[in-house]
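Colleague: have a look at this fold, sequence not included:
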């Protein structure tokens, strides 16, 4: 299992467009990927789950990847981290 905590840094938070980008990226990997906010854990391959997470600007989210290939887990977490760090190319 590979995990990393990030902070939502785009002013609009995680709305429909960033959610779609996260799902598209997550589906490129064969491992299970989750986002955690507090006690809530959602499947990162579910657009509805991501939207209902309600991640606004400044929210801490933990990215968790769990699968058979540790290298793929790391790659998945890095790819998702890049989306968050780029502010989903909205700013």
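Modeller: Now that the structure is in, tell me what you want to look at. All values reported here derive from a predicted model rather than from experimental measurement.
Colleague: what does the longest helix seen in the chain contact?
Modeller: In the chain, taking DSSP state H as the definition, the longest helix is helix 70-85. The list of residues contacting helix 70-85 from outside it, by C-beta atoms under 8 Å, 6 or more residues apart in numbering, reads 1-4, 6-9, 18, 21-22, 25-26, 28-31, 33, 44, 61, 63, 65-67. Bear in mind the C-beta positions are built from the backbone N, C-alpha and C, glycine included.
Colleague: tally of neighbours for the nearest residue to residue 7 once chain neighbours are set aside?
Modeller: Once flanking residues are discounted, residue 7 sits nearest to residue 60: 5.6 Å by C-beta to C-beta, 6 or more residues apart in numbering. By other C-beta atoms under 10 Å, 12 other residues sit near residue 60.
Colleague: mind checking how far residue 60 is from residue 67?
Modeller: Going from residue 60 to residue 67 by C-beta to C-beta, to the nearest Å gives 24 Å.
Colleague: before we move on, what about residue 89?
Modeller: Counting by C-beta to C-beta - residue 89 and residue 67 are separated by 27 Å.
Colleague: what about those two, which has more around it?
Modeller: Each of residue 89 and residue 67 has its neighbours counted (other C-beta under 10 Å); residue 67 has more, 16 against 10.
Colleague: which pLDDT value belongs to the more buried one?
Modeller: We have a pLDDT of 95 for residue 67.
Colleague: pull the contacting residues for the residue lying closest to it once chain neighbours are set aside.
Modeller: Leaving aside its sequence neighbours, residue 67 sits nearest to residue 31 (C-beta to C-beta, 6+ apart; 2.6 Å). Contact analysis of residue 31 by C-beta under 8 Å, 6+ apart lists 65-69, 72-73, 76.
Colleague: try 10 Å this time
Modeller: By C-beta atoms under 10 Å, 6 or more residues apart in numbering, residue 31 lies in contact with 1-2, 64-70, 72-77.
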